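>>> Need coordinates for the below:
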Amino acid sequence: MRTAAILWRSTHPGPTVVVTIVAFALGLSVGLDAGRLAILTGSVLLGQVSIGLSNDVIDAPRDRTIGRRDKPLTADGAPVRAAWISAFVAAIVALALSAALGWGLALAHAVFLASGWAYNARLKSTIWSAACFVVGFGTFPSLAFLALPDPRVAPLWAWIAGATLGVAIHFSNVLPDLEDDARTGVRGLPHRIGARGSSIIAFGALIAGAAAAVVGPALAAGAPVAATSWVAGGAVVAVSAWGLAATITRGPSRLSFRLVMLSALLLAAQLVVTTWLGR
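Predicted structure coming up:
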């Protein structure tokens with residue numbers, strides 16, 4: 001039980017659960033039946049477990065160096081070997097479940113997982129760090145569409161919204177760890193740009209994603225923008241504009257970080273609602 005608890009805490013439970021819930025909601029929005037929805041949700045959950053575990057187990061030596069006591073795998077006697085095994089097994093089972101719904105879904109999920117693993121293994125310390133989130137989260141909305149009995153990829157606007165959501169997540173998530181990362185040589189794109197610039201990029205990406213989710217479906221259908229889309233997109237833009245103004249005038253702060261997270265959740269909700277309206 002102790003090992004299981006340590007491994008679960010090393011999966012980054014918050015983001016893991018949120019991404020899984022969004023995948024579940026997208027599956028509902030495209031009309032998946034209960035069986036396909038359960039398989040998709042389980043596959044995404046295990047994929048996120050794999051990515052989270054790989055991040056902490058790869059970073060364990062670095063985290064010990066800087067004294068990250070909040071990381072379970074840095075403790076003496078931590079189940080590092082079990083974490084490696086669990087990360088690989090979770091990835092394999094996640095892809096097997098995806099393949100049960102179709103090879104297109106398995107391929108898309110493999111791209112998503114590969115983006116996460118590549119970031120954890122090496123690219124987080126390079127200028128290509130953001131590319132992992134653009135590719136991974138750009139692909140993410142297609143998982144639900146490819147789980148359908150008649151599979152297809154997500155529309156272009158959903159790719160754009162997903163990619164911009166990934167950018168926002170990346171450029172905001174590193175903010176609390178900038179100093180620790182600098183001590184151990186981690187210099188991804190946000191580290192090179194700095195805290196203020198990264199916050200501005202995060203809010204700008206969220207505004208761009210909201211705009212794509214509002215305008216894209218209307219252009220594709222040749223119809224006016226639905227009132228629900230205006231409301232959902234307006235909420236994202238309002239929160240992002242607030243955070244952007246605060247960051248520009250007062251610099252990045254805890255408020256900026258919280259507003260990015262709130263706006264990102266609103267954009268995810270907008271993605272789900274817009275997908276449901278357009279099915």
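
>>> excluding its backbone neighbours, what's nearest Ala269?
Once flanking residues are discounted, Ala269 sits nearest to Ala232: 6.8 Å by Cβ to Cβ, 6 or more residues apart in numbering. (Each C-beta comes from the backbone N, C-alpha and C, glycine too.)

>>> buried ones in the host helix or strand of that neighbour?
Using DSSP states H and E, Ala232 falls within helix 227-250. The neighbour-count check on helix 227-250 (16 or more other Cβ atoms under 10 Å) flags 229, 232-233, 235-237, 239-240, 242-244, 246-247 as buried.

>>> wait, isn't Ala144 in contact with Arg36?
No. Using Cβ atoms under 8 Å, Ala144 makes no contact with Arg36, being 9.6 Å away.

>>> what residues do these two have in common as contacts?
Both Ala144 and Arg36 are in contact with Gly27, where contact means Cβ atoms under 8 Å, 6 or more residues apart in numbering.

>>> and these two? which has more neighbours close in?
Neighbour comparison, Ala144 and Arg36: the larger count goes to Ala144, with 28 against 20 (by other Cβ atoms under 10 Å).

>>> what are the phi and psi angles of that one?
phi -70, psi -40 (degrees, to the nearest 10).

>>> before we move on, what about the one 4 residues further on?
According to degrees, to the nearest 10, the main-chain angles of Leu148 amount to phi -70, psi 160.

>>> Show me where this protein has its helices.
2-9, 13-30, 34-65, 80-101, 103-121, 129-139, 142-146, 156-173, 178-183, 189-193, 195-221, 227-250, 254-278 (DSSP state H).

>>> and Thr74, which of those is closest to it?
helix 34-65 (4.7 Å; Cβ to Cβ).

>>> tilt between that closest one and helix 129-139?
170 degrees (axes from the mean of the first three to the mean of the last three Cα atoms, to 10 degrees).

>>> Which strands or helices does helix 34-65 pack on?
Packing partners of helix 34-65 (3 or more Cβ pairs under 8 Å, 6 or more residues apart in numbering; DSSP states H and E): helix 13-30, helix 80-101, helix 103-121, helix 142-146.

>>> among the ones you listed, which is the most enclosed?
A comparison of the helices and strands packed on helix 34-65 by mean neighbour count, using mean count of other Cβ atoms under 10 Å, puts helix 142-146 on top with a mean of 26.

>>> What distance do you get for Gly14 to Ser256?
Distance, Gly14 to Ser256, by Cβ to Cβ, to the nearest Å: 19 Å.

>>> what about the stretch 101-250 of the chain, any weak spots by pLDDT?
Counting by pLDDT under 70, the ranges of the stretch 101-250 of the chain that qualify are 178-185.

>>> Show me what stretch 42-60 is in contact with.
For stretch 42-60, the surrounding residues in contact (Cβ under 8 Å, 6+ apart) are 7, 10-13, 15-16, 19-20, 23-24, 63, 71-74, 78, 80, 83-84, 86-88, 90-91, 93-95, 97-98, 101, 109, 112-113, 116-117, 120-121, 143.
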